[in-house]
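[1] dropping the sequence and predicted coords here.
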Amino acid sequence: MASFTGAIRTCAQSLLDFALPPRCAGCGTIVEHVHSFCPDCWKQVEFLGEGGCSCCGLPLEATEQTTCARCLATPPKIARSRAAVAYDDLSRGLAIRLKYGRKVAIARTMAHYMAPLVRTDDEPVLVPVPLHRTRLWARGFNQSALVARELSRRLKIANDPLLLRRIRRTPPLKGMSPVQRRRTVAGAFRIVDKDAVAGRTIVLVDDVLTTGSTAEACARVLKRAGAARVELVSWARVVKPSQLMR
Ligand SMILES: [Zn+2]
Ligand SMILES: [Zn+2]
């Protein structure tokens, strides 16, 4: 039955693809393949992928081997962070359109580039970084949950958008020191069902990763609830220009 509805969906999708020519995810010009970029945008995209520190994913210094000095000194609660691309005008444009524009198409494009970064061998559970309910009401949906749903479909792994709740609203963390950020997000998240977490690998899903403090706060409660391992996959990540290896 599932494969039958799957076949219908695939068929409907190909009809839709036929009716609407695929457009570049960056600028909207018509391209040959769905979920791709035109040559001009492709040149601009800074793919991060599997490079960098094996733990935090940030570019390594010449003297560092596989893990950066910061992660060696203080291992983060998130054992592995990966982002598809660096945060710039183009990836920012996609993140904004995910919030306000062609949501499902954009979520699919993001998932297309994020999926290869998710390890599926220990049957992880995808958990989108939650919004506080007042933000959810204002926007009507959680953009990270849309991406998590597409990833779950693509990778055939579990997705639990209700597992983690944001119980407190937090102000923007921009401009705060690491200690202030940590204090601001402490206690902002709660696990709804601890049994669903115990012993599992959880992969947090976020659209844009900036300081990582929010994701780290999510990881802290997940670990406290017994998660065996917490990883993170995001669409874009803010990387200092000096950290990019061009
Ligand atoms: Zn383009
Ligand atoms: Zn690191």
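    Cool, the structure landed. Ligands and ions are numbered 1, 2, ... in the order given.
[2] tell me which parts of this protein are close to ligand 2?
    Cys53, Cys55, Cys56, Cys68, Cys71 (C-beta under 5 Å from the ion). C-beta coordinates here come from the backbone N, C-alpha and C atoms, glycine included.
[3] so what's the last one closest to, chain neighbours aside?
    Same thing as Cys71. Using C-beta to C-beta, 6 or more residues apart in numbering and skipping the chain neighbours, the partner closest in space to Cys71 is Cys55 (4.0 Å).
[4] ok, Leu48 next?
    Ala83 (5.0 Å).
[5] any idea how far the one you found lies from ligand 2?
    13 Å (C-beta to the ion, to the nearest Å).
[6] ok so, going back, let me know the secondary structure of the residue nearest to Cys71.
    coil (DSSP: H, G, I helix; E, B strand; the rest coil).
[7] show the contacting residues for it.
    Applying C-beta atoms under 8 Å, 6 or more residues apart in numbering, we find Cys55 in contact with Thr67, Cys68, Cys71, Pro75, Pro76, Ile78, Ala79, Arg80, Ser81.
[8] buried ones only from those, please, as a ChimeraX command.
    Buried subset of these, written as a ChimeraX selection, criterion 16 or more other C-beta atoms under 10 Å:
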select :68,71,76,78,79,80,81
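[9] so which of the contacts of Cys55 are in strands?
    Of these, the ones assigned to strands by DSSP state E are Arg80, Ser81.
[10] out of the contacts of Cys55, who's nearest ligand 1?
    Ser81 (27.4 Å; C-beta to the ion).
[11] now the residue nearest to Cys71: phi and psi?
    phi -100, psi -70 (degrees, to the nearest 10).
[12] low-confidence stretches in the protein?
    By pLDDT under 70, the weakly predicted segments of the chain are 1-20, 102, 241-246.
[13] one more time with 90
    1-51, 58-64, 88-106, 109, 131-142, 168-179, 181-182, 184-187, 210-212, 238-246 (pLDDT under 90).
[14] just give me the neighbour total for Arg154.
    Look at Arg154: counted by other C-beta atoms under 10 Å, it has 15 neighbours.
[15] relative to ligand 2, how far out is the closest residue to it other than its chain neighbours?
    Nearest non-adjacent residue to Arg154, counting by C-beta to C-beta, 6+ apart: Ala115, 4.9 Å away. In this view, Ala115 and ligand 2 are 23 Å apart by C-beta to the ion.
[16] how near is Ala115 to Gly26?
    Separation of Ala115 from Gly26 (C-beta to C-beta, to the nearest Å): 19 Å.
[17] which one's more surrounded, the two?
    Between Ala115 and Gly26, counted using other C-beta under 10 Å, the more crowded position is Gly26 (21 against 18).
[18] would you list the phi and psi of the residue nearest to Leu48?
    Taking degrees, to the nearest 10 as the convention, Ala83 sits at phi -130, psi 150.
[19] tell me which residues touch it, please.
    Ala83 sits in contact with Leu48, Gly57, Leu117, Leu209, Val233, Ser234, Trp235, Ala236, Arg237, where contact means C-beta under 8 Å, 6+ apart.
[20] out of these, the closest to ligand 2 would be?
    Using C-beta to the ion, the contacts of Ala83 come closest to ligand 2 at Gly57, 7.0 Å.
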